[in-house]
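Chemist: need coordinates for the following:
(one chain, ligands or ions: 1)
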Amino acid sequence: MTKLELLPAVDVRDGQAVRLVHGESGTETSYGSPLEAALAWQRAGAEWLHLVDLDAAFGTGDNRELIAEVTKAMDIKVELSGGIRDDASLAAALATGCTRVNLGTAALETPEWVAKVIAEHGDKIAVGLDVRGTTLRGRGWTRDGGDLYETLARLDSEGCARYVVTDIAKDGTLQGPNLDLLRNVCARTDRPVVASGGVSSLDDLRAIAGLVPQGVEGAIVGKALYAKAFTLEEALAAVS
Ligand SMILES: O=C(O)c1ccccc1NCC(=O)[C@H](O)[C@H](O)COP(=O)(O)O
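Modeler: As a prediction, this is how the structure comes out:
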């Protein structure tokens, strides 16, 4: 059986690796240097890094140079997220040499542009479906942006290669992933899904790995690693 990919997360705010609760600005716990965190996950055996520019997502500036520095220092695959919304931010993200980018707000606010870049860049583009219930949220998850399943159908028809699905209510809470949401999204698309938000234990990862046959390809893990609920080595062993 295909194994679940694990993507340890490094979310960057004001130059620091941080964790948020429900993705809300102001709930940061700081974990120091993003480069050190990313190198630690690489040393522990990660094949992927999920790297987020939270300032760009919230519109409070950006960490573009630092994100490029971290990405270039990695020997592993990097997924970049946060504030990639136009030609300039997409070009800067792709110029880092990342494996793919994750678009969020743009898929809700500028769908024509997203259709164009999907057509141009294929599987270098993933779309983040960040939801409360079945309502999508954009602008750093602060504004409603339409219905999950209508948007999913539109993006599927435009050839979107992959989705990163986050239940915002679970994100950063260590309350476990929303498996029903993942099942429901997988039932509506044949594109691979990366699960994000809420992982708290190795059993949570095993439960997500149980959805690989339905279309879940990977799981992003943030808070649980920083809170030392388990090590990345243990997580990789649990899903191998
Ligand atoms: O990814 C974004 O663009 C983003 C925007 C605004 C707030 C948060 C954002 N991402 C957060 C993440 O991707 C988390 O790192 C990930 O969901 C891990 O969650 P958890 O394991 O619950 O810490």
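Chemist: how deep is the closest residue to the ligand within the chain tucked in, by neighbour count?
Modeler: The chain approaches the ligand most closely through G222 (2.7 Å), counting by Cβ to the nearest ligand atom. Every residue, glycine included, has its C-beta placed from N, CA and C. Neighbour count of G222, defined by other Cβ atoms under 10 Å: 26.
Chemist: how near is W41 to E112?
Modeler: Distance of W41 to E112, given as Cβ to Cβ, to the nearest Å: 36 Å.
Chemist: repeat for L4
Modeler: Distance from L4 to E112, by Cβ to Cβ: 34 Å.
Chemist: higher neighbour count, these two?
Modeler: More crowded of L4 and E112, by other Cβ under 10 Å: L4, with 23 against 7.
Chemist: OK, contacts around that one?
Modeler: L205, I208, A209, V212, V216, E217, G218, A219, V239 (Cβ atoms under 8 Å, 6 or more residues apart in numbering).
Chemist: can you tell me which of these is nearest A68?
Modeler: In terms of Cβ to Cβ, no member of the contacts of L4 lies closer to A68 than G218, at 23.1 Å.
Chemist: ok, and the closest non-adjacent residue to the closest one?
Modeler: E5 (3.5 Å; Cβ to Cβ, 6 or more residues apart in numbering).
Chemist: do you know the pLDDT at the one you found?
Modeler: Note for E5: predicted pLDDT of 98.
Chemist: that one touches H50, doesn't it?
Modeler: No. If you go by Cβ atoms under 8 Å, E5 and H50 don't touch, sitting 10.4 Å apart.
Chemist: more neighbours: the two, which one.
Modeler: H50 (26 against 19).
Chemist: what about the more buried one, which helix or strand?
Modeler: In this assignment (DSSP states H and E), H50 forms part of strand 48-53.
Chemist: for the least confident helix or strand in the chain by mean pLDDT, packing partners?
Modeler: Counting by mean pLDDT, DSSP states H and E, the chain has its least confident helix or strand at strand 143-147, which shows a mean of 91. For strand 143-147, the packing partners by 3 or more Cβ pairs under 8 Å, 6 or more residues apart in numbering; DSSP states H and E come out as helix 105-109, strand 135-138.
Chemist: just say which of those is most tucked in.
Modeler: Of these, the one with the most neighbours on average (mean count of other Cβ atoms under 10 Å) is helix 105-109, at a mean of 22.
Chemist: list the buried residues of the helix or strand that it is followed by.
Modeler: Downstream of helix 105-109, the next assigned helix or strand under DSSP H and E is helix 111-121. For helix 111-121, a neighbour-count test (16 or more other Cβ atoms under 10 Å) marks W113, V114, A115, V117, I118 as buried.
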